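> Prediction below, plus the sequence it came from.
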Amino acid sequence: MNFLAVIGRITFGFLQAAGRLGIFTGHALAHMFTPPFYFRSLMRQFMTIGYYSLPVVGLTALFTGAALALNIYEGGSRFNAESVLPSIVVIGIVRELGPVLCGLIVAGRVSASMAAELGTMRVTEQIDAMATLSTDPYKYLIAPRIIATTLMMPFMLVIVADAIGVMGGYLIATGKLGFNSSSYMRLTIDFLEPADVYASLTKAAVFGFFISLMGCYHGYHSRGGAQGVGISTTNAVVSACMLILLSNYIVTEIFFAS
Amino acid sequence: MTITPKISLKGLHKAFGPKVVLDSVNLDVMPGESMVIIGGSGSGKSVTLKCILGLLQPDSGSIKVDGEETVGLRGSNRKRLQKKFGMLFQGAALFDSLPVWENITFGLLAESKVTRKQAVEIAVENLRSVGLSPDVARLSPAELSGGMQKRVGLARAIANKPEIIFFDEPTTGLDPIMADVINELIVERVKEMGVTALTITHDMSSVRKIADKVAMIYNGNIIWTGPRNDIDSSGNDYVEQFIHGRAEGPIQMEVLKA
């Protein structure tokens, strides 16, 4: 009987959380497309999320591309297939590692920051204060963050991550493994297909949406002071990472499952 | 001819799970009146205020502002109503990502009623009216003392020229002299603007300074209402115990029950 009660409580808890998230998402989407639009707030988010994430995203991509090249070269040499290195590096980076690693890095950086900022605003009544000033917090706080992350991920961060990741592989391949520079570039470009890029950008947009949604959702519903903000921040990052990995599989399945 | 109350609460009920915070609150605040609600911690003062502001939805009962029912108001109707309100929060609730001048004129800027240059001028004017110098306008809230934050919060509350101002524990956390300065400012601004004021506090020196009328809330009900000068001869044991701060009496704190 107790066991059933526990199952019931967990199920109801899950449904309640899912319902609350669904309502939050609906509100957020509705406010993204209806005026007023706060362009100054949006621009600030573009800078915070896009521009300031570039260094960490770039470094991650550079070293991942370099390590990937070394691994593929060593693995490929076991059956004399070292020449596949450029094509596997570009496919691996563009289709998978670029968007996923960029997503996970941005989840750690941006989702946590959103949850902490909004959570602090919630527990110090700043969000209530905003509502009393006839300003909808969904419009001023949530919508700009979701729009900025969903746009910055594909059109700035993942494009840069893909390019730098491929560059990392190129540097190792030409500088250390003896590949010819022009043939490496030609093989890379020849092998890359538009679908690879579309998949990469689609993943990036989806990840960006989930990163900001989780950051905003958990921050907005923070309660209980500093500890509550800490819990919200952790939940935001964990849930954003899980959604990134889950949606990565789904988008890959949609694009490439034959 | 009967005058319509500025704020009228009838049978206001609000519970959080099994905990009933407001049982059946009935209260009228007349135009131009300064009403102070007193009561112990957890007695429902803040929840009453948040219900009137629309930050919380009551479970049942009626809230009328200028004779208009406000429970369930949403969208543009809620926004229209919010414009009548100004609020000074307990912790000032200043937006820490914005400078003081933007905090004060946040509502005006959000509605694009003024240019940013005009907003600075309005902020400086409002800062002067609460006894702060113009150079405070460019500071960030983190650079202000508690008393200055309260004054900036007051400047923000009056910047939109509201008809009703709410004060949530305006002197909490301040030294007695600064508390008196804030009380004086509240009295001056309320009289000068001719607004209706609703204050919640448990600071009796604030009550004696600010109030025209006093209401005492206990266990989610208004148990006594009367003019400020009658508070010392209320004949109500609960009020007597509260205003004299006695541990012995009909009000039993949780800690004493244990």
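That came in fine, so what should we check first?
> To which secondary structure element type does residue B:247 belong?
Here residue B:247 is coil, with the state taken from DSSP: H, G, I helix; E, B strand; the rest coil.
> Dihedrals phi and psi, it?
Dihedral angles of residue B:247 (phi, psi; degrees, to the nearest 10) stand at phi -70, psi -30.
> Could you measure from it over to residue B:40?
Going from residue B:247 to residue B:40 by C-beta to C-beta, to the nearest Å gives 12 Å. Every C-beta, even on glycine, is put in place using the N, C-alpha and C of the backbone.
> Report the mean confidence score over the longest helix belonging to chain B.
In terms of residue count, the longest helix belonging to chain B (DSSP state H) is helix B:176-193. Averaging pLDDT along helix B:176-193 yields 89.
> same for it, what does it pack against?
helix B:146-159, strand B:164-168, strand B:196-201, helix B:204-210 (3 or more C-beta pairs under 8 Å, 6 or more residues apart in numbering or on different chains; DSSP states H and E).
> residues of the third one that come out buried?
Spelled out, that is strand B:196-201. Across strand B:196-201, burial judged by 16 or more other C-beta atoms under 10 Å in any protein chain shown covers B:196, B:197, B:198, B:199, B:200, B:201.
> and the angle from that strand to helix B:176-193?
160 degrees (axes from the mean of the first three to the mean of the last three C-alpha atoms, to 10 degrees).
> Strand B:196-201: partners in the sheet, and parallel or antiparallel?
strand B:34-38 (parallel), strand B:164-168 (parallel) (DSSP bridges).
> which residues touch residue 209?
By default, I'm working from chain A. By C-beta atoms under 8 Å, 6 or more residues apart in numbering or on different chains, residue A:209 lies in contact with A:146, A:149, A:150.
> wait, I meant chain B there
Residues near residue B:209 by C-beta under 8 Å, 6+ apart: B:180, B:183, B:184, B:187.
> And stretch A:135-151, end to end?
One end of stretch A:135-151 sits 24 Å from the other (C-alpha to C-alpha, to the nearest Å).
> That one close to chain B?
Yes. On the criterion C-beta under 8 Å from any C-beta of the partner chain, stretch A:135-151 is in touch with chain B at A:135, A:136, A:140.
> Contacts for that stretch, please.
By C-beta under 8 Å, 6+ apart, stretch A:135-151 touches A:27-28, A:31-32, A:36-38, A:41-42, A:44-46, A:48-50, A:106, A:110, A:114, A:118, A:121, A:127, A:130-131, A:205, A:208-209, A:211-213, A:215-216, A:220, B:79, B:106-107, B:110.
> next one: stretch A:230-248
Contacts with stretch A:230-248, where a contact means C-beta under 8 Å, 6+ apart, come from A:96, A:99-100, A:103-104, A:107-108, A:111-112, A:114-116, A:119, A:203, A:206-207, A:210-211, A:214-215, A:217-219, A:221-222, A:224.
> go with 6 Å
A:100, A:103-104, A:107-108, A:111-112, A:115-116, A:119, A:206-207, A:210-211, A:214-215, A:218-219, A:222 (C-beta atoms under 6 Å, 6 or more residues apart in numbering or on different chains).
> Just the ones of those in helices?
A:100, A:103-104, A:112, A:115-116, A:119, A:206-207, A:210-211, A:214-215, A:218-219.
> which among these gets closest to residue A:190?
residue A:100 (24.4 Å; C-beta to C-beta).
> Excluding residues flanking it in the chain, which one is nearest that closest one?
residue A:248 (5.5 Å; C-beta to C-beta, 6 or more residues apart in numbering or on different chains).
> How about residue B:249?
residue B:241 is the one closest to residue B:249 (C-beta to C-beta, 6+ apart), at 3.2 Å.
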